[in-house]
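> I would like to see how this sequence folds:
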Amino acid sequence: MKNFKYLPLLVLIGFISQSQAQKPLRFKDVVFNNQDSILNIAYGSAQNVNGKTEELLLDLYSPGLIDTASKRPLMIFIHGGGFQSNTKSGAYPNLICNGLAKRGYMVATIDYRLGIPKTKTDNDYAEAMYRAVQDAKAAIRYFRRYADKYRIDPDQIFVMGSSAGAKTAMHLAYLDQDEVPLGVDQNKLGNLEGNSGNPGYSSKVSAVVNCWGAMINYHWIKQGDAPLFNIAGTADKTVPFDSSYNYHGFKYGSTILYNHALQQGVATGLRLFYSSGHTLDNDKKKQDSALQDLSAWLFTQLKRNAPEKPEIFKWEQDIAKLEAKDKIEKGDSETVLFIGSSYIRLWEQLPLQMKPIKTINRGFGGSKLQEVAYYLDRLLKAHQNLKAVFLYVGNDIVGNQTDKTPLQDLELVRYITEKIRAKYPSIPIFWNQISPSEKRWAVWDQISKANELIKDYCSQHPNLYYVETASSYLDKNGKPISNLFRDDKLHYNDAGYVIWANYVKQAFNKVYGK
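Purely as a prediction, here's the structure:
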C-alpha cells in the first residue's frame with residue numbers, strides 16, 4: 001500500500017480497528033507458527049487380548065517453547081482402526097495434534113490395547129472398547145498426576161477420537177459402571193477404571209469430540225454429563241451417522257447422539273458433511289474444515305467461557321409460568337403458536353395486530369436455539385391442534401467470543417423443525433429472518449450467513465416458510481434505522497412491531513390464500 005501514510009485519519013482508525021477486531025484468539029485460531037513434541041512417553045501398561053503385558057505409549061504436542069502459559073488445557077486424541085489396527089501417529093491424529101497445538105492446547109495422542117478374537121462377536125467388540133476405555137482413563141490420570149510437569153490445567157482435560165477412538169472417548173465419558181453391557185467379563189477385565197496405571201486420580205473429562213463414531217446405547221448420555229460435539233459424513237457405510245444400521249453393536253451415531261444431548265440439556269454441536277463417507281473420505285479439505293468447526297466449539301467449552309451452571313436451565317421458572325398459561329390458553333385449528341426469544345416475548349400487541357388470526361405467545365427470556373430445543377416439548381404439549389407455528393430466535397450470534405457458527409444455528413433450526421413436524425405433520429411452520437440491529441451490527445455478516453442457510457433449508461421442505469423482514473429495518477445506506485428500535489438498540493419499538501406485523505400477516509395470507 002504505497003500511499004498508506006496519506007490516508008485520512010478516519011480511514012486509518014477504521015483500518016486499525018478492523019485489524020484489532022481480527023486479531024487471532026488463542027484456542028480458537030492458530031496463534032503459534034510451530035509446535036513441539038515429545039514422543040513415546042510411557043503412561044502405563046496392561047494385559048492385552050493375548051494375555052501379554054503391553055506397554056502403553058503416547059505422544060505429547062505443545063504450542064512450543066515460546067509459550068509462557070502456566071496451565072494449558074489438554075486434548076487427548078484416540079485413534080481409530082476398528083480396535084484392531086492403526087497407531088497414535090497417522091494423518092488425522094497428526095492434523096488434530098498439530099492444529100490444536102498451534103491454537104495453544106496441549107495435545108496427546110495415545111496408543112491403547114488392540115485386538116479382537118477371531119469370533120468377532122458384538123461382545124468381542126464391546127470388550128475391545130472396554131479395554132480401550134481403561135487405557136484412555138489411565139492416560140487422563142497420567143496427566144493429572146504430572147500436570148505440573150507438563151504445565152497442564154487438570155480441570156480442563158478434553159477427549160476426542162475418530163471411529164473406534166471416538167467410540168472409546170464417548171464410552172469413557174458416558175458409560176457408568178452399572179451400565180456395562182452384561183456380556184463384558186468384568187471378572188477378567190476389572191472395572192471401568194482398569195489397572196493400566198496412575199491410580200488415585202480422576203479420569204473425568206470436560207468435553208468430548210466424536211469424529212464418525214457411535215455408541216452402544218445413547219441413553220447413557222444423561223443430564224449433567226460432559227458436553228459433546230459430533231462430526232460425521234452422511235454417506236458413511238462403516239459406522240452409522242444415524243441409527244440406520246449396526247456396526248458390531250455400535251448403532252447410535254452422531255445425529256442420534258446430538259438429538260438426545262439436546263433433549264437432556266447437555267451442551268452439544270453437530271457438523272455433518274453431506275454425501276461424505278467414513279473419515280470424510282480422507283479428504284484433507286473436509287478434515288481441515290472439521291478441525292475449524294471443532295476448534296470453534298471447543299473454545300466455547302473452555303473454563304473461562306463456559307458458565308458454571310448450564311444456562312439452559314435458567315428459564316425453568318419462565319417455562320413453568322407459560323405452562324400455567326397453557327391450562328387456560330389452548331391452541332386449536334385457528335391458532336398460530338408464536339415461539340421464540342425476547343422479540344416474541346415483548347410483542348405485546350401480537351393478538352391485536354394479527355387479527356383475525358388467533359395467536360398464542362410463548363416467547364421466553366432472551367432464549368437461544370438450544371434452549372428452545374430443550375423446552376420445545378413442554379411448549380407444544382398443551383396444544384394438540386394448531387393452524388401454524390411461527391418462530392423467531394436471534395440470540396446465538398451476538399458478538400460474543402462464544403457465539404455459535406451459522407452452521408450450528410442451522411442444525412438447531414433443523415432439529416426444532418423436525419420436532420414440530422413430528423407432532424404436527426401437515427401444518428405450516430414459519431421461521432422469521434433474524435433481524436439487523438445497531439447493537440449487533442458488528443456481526444451482521446455472520447447473522448446474514450445464518451439467515452441464508454435457514455432460508456435455503458426452508459426452501460427445500462414442503463410447508464416450511466422463511467419470512468424475510470430485514471430490508472425494512474435498514475436505511476438507504478444499508479444500516480439499521482434507529483427510530484424503529486428501543487433505546488437498547490436491539491428490540492423493536494411500537495413502530496418496528498407494526499412493520500413486522502405487516503410482513504407476518506402477508507406471509508400468512510400468501511400461504512392461506514387470502
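> stretch 470-479: end-to-end distance?
10 Å (CA to CA, to the nearest Å).
> which outside residues touch it?
Outside stretch 470-479, the residues that touch it by CB atoms under 8 Å, 6 or more residues apart in numbering are 433-437, 441, 451, 480-481, 484, 496, 499, 503. C-beta: built from backbone N, CA, C; applies to glycine.
> closest to Gly513 among these?
Nearest to Gly513, judged by CB to CB, of the contacts of stretch 470-479 is Tyr503 at 17.6 Å.
> sorry, back to before: identify the farthest-apart pair in the contacts of stretch 470-479.
Across those, the longest distance by CB to CB is 20.6 Å; it joins Trp441 and Tyr503.
> who's more crowded, the two?
Tyr503 (17 against 14; other CB atoms under 10 Å).
> isn't the more buried one right up against Tyr492?
No: counting by CB atoms under 8 Å, Tyr503 does not reach Tyr492; the two are 11.7 Å apart.
> any idea which element Val336 lies in?
Element membership of Val336 [criterion: DSSP states H and E] is strand 335-340.
> so for that strand, mean pLDDT?
Regarding strand 335-340, the rounded mean pLDDT is 98.
> can you list the neighbours in contact with it?
Against strand 335-340 from outside (CB under 8 Å, 6+ apart): 331, 344, 347, 350, 354, 357-363, 367, 372, 376, 379-380, 383, 386-394, 508.
> what number of residues lie near Trp444?
By the criterion of other CB under 10 Å, Trp444 has 21 neighbours.
> which residues of the stretch 301-450 of the chain fall in helices?
316-326, 342-345, 350-354, 369-380, 406-423, 444-459 (DSSP state H, counting those that start in this stretch).
> and Asn86, which of these is closest to it?
helix 406-423 (28.9 Å).
> relative to Ile434, how far out is the nearest residue to Ile481 once chain neighbours are set aside?
Among residues not flanking Ile481 along the chain, Asp475 sits closest, at 5.2 Å (CB to CB, 6 or more residues apart in numbering). Taking CB to CB, to the nearest Å as the measure, Asp475 falls 18 Å from Ile434.
> check Lys419 too.
Taking CB to CB, one finds Lys419 at 20 Å from Ile434.
> more neighbours: which of the two?
Each of Lys419 and Ile434 has its neighbours counted (other CB under 10 Å); Ile434 has more, 24 against 18.
> list the contacts of that one.
392-394, 397, 447, 450-451, 470.
> and for Arg131?
Here Arg131 is in contact with 46, 48-49, 112-113, 189, 194 (criterion: CB under 8 Å, 6+ apart).
> how about CSV for those residues, with neighbour count and secondary structure added?
Shown next, in CSV, are those (neighbours: other CB atoms under 10 Å; DSSP: H, G, I helix; E, B strand; the rest coil):
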residue, neighbour count, secondary structure
Ala46, 21, strand
Asn48, 16, coil
Val49, 17, coil
Tyr112, 29, coil
Arg113, 21, coil
Leu189, 17, helix
Gly194, 23, coil
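> for the residues you listed, which one is nearest Val239?
Closest to Val239, out of all of the contacts of Arg131 and judged by CB to CB, is Tyr112, at 18.0 Å.
> the residue nearest to that closest one when sequence neighbours are not counted: how many residues sit nearby?
Ranked by CB to CB, 6+ apart and with sequence neighbours excluded, the top spatial neighbour of Tyr112 is Asp135, at 3.8 Å. Per other CB under 10 Å, the neighbour tally for Asp135 reads 26.
> so Asp135 makes contact with Ala128?
No: Asp135 is beyond contact range of Ala128, at 11.0 Å (criterion: CB under 8 Å).
> tell me, what residue is most central in this protein?
Nearest to the geometric centre of the chain sits Gly269, at 1.5 Å (CA atoms, centre = their mean).
> my read: that one touches Leu410, true?
No: in this structure, Gly269 is not within contact of Leu410 by CB under 8 Å, at 11.4 Å.
> circling back: can you say which of the helices of the stretch 301-450 of the chain is nearest to Gly80?
Closest approach to Gly80 among the helices of the stretch 301-450 of the chain (CB to CB): helix 406-423, 23.6 Å.
> name the residues that touch that closest one?
Counting by CB under 8 Å, 6+ apart, 258-259, 262, 269-272, 293, 297, 369-370, 372-373, 376-377, 380, 389, 391, 396-397, 404, 429, 431, 446, 449-450, 452-454, 457, 461, 464 sit against helix 406-423.
> and it with helix 369-380, angle?
Orientation check (axes from the mean of the first three to the mean of the last three CA atoms, to 10 degrees): helix 406-423 against helix 369-380 gives 10 degrees.
> in helix 406-423, what's buried?
For helix 406-423, the neighbour count (16 or more other CB atoms under 10 Å) marks 406-417, 419-421 as buried.
> and that helix, how far out from the chain middle?
Distance of helix 406-423 from its chain centroid, counting by CA atoms, centre = their mean, to the nearest Å, is 13 Å.
> kindly report the same for stretch 363-383.
For stretch 363-383 - counting by CA atoms, centre = their mean - the centre lies 18 Å from the chain centre.
> distance from stretch 383-400 to the middle of the chain?
With CA atoms, centre = their mean, you get 19 Å for stretch 383-400.
> CA atoms only for it - export them in CSV, please.
Taking C-alpha atoms only, stretch 383-400 is exported to CSV below (Å, rounded to 0.1, in the frame of the first residue of the first chain):
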residue,chain,number,x,y,z
HIS,A,383,-51.6,-27.6,22.0
GLN,A,384,-52.9,-30.7,20.2
ASN,A,385,-54.1,-28.9,17.2
LEU,A,386,-52.7,-25.7,15.6
LYS,A,387,-53.1,-23.6,12.4
ALA,A,388,-49.3,-23.0,12.3
VAL,A,389,-46.2,-22.5,14.3
PHE,A,390,-44.1,-19.3,14.0
LEU,A,391,-40.6,-19.0,15.3
TYR,A,392,-38.1,-16.2,15.9
VAL,A,393,-34.8,-16.8,17.8
GLY,A,394,-32.0,-14.4,17.4
ASN,A,395,-29.5,-14.7,20.3
ASP,A,396,-27.0,-17.3,19.1
ILE,A,397,-24.8,-14.8,17.1
VAL,A,398,-24.5,-11.6,19.2
GLY,A,399,-20.8,-10.6,19.0
ASN,A,400,-19.5,-12.7,21.9
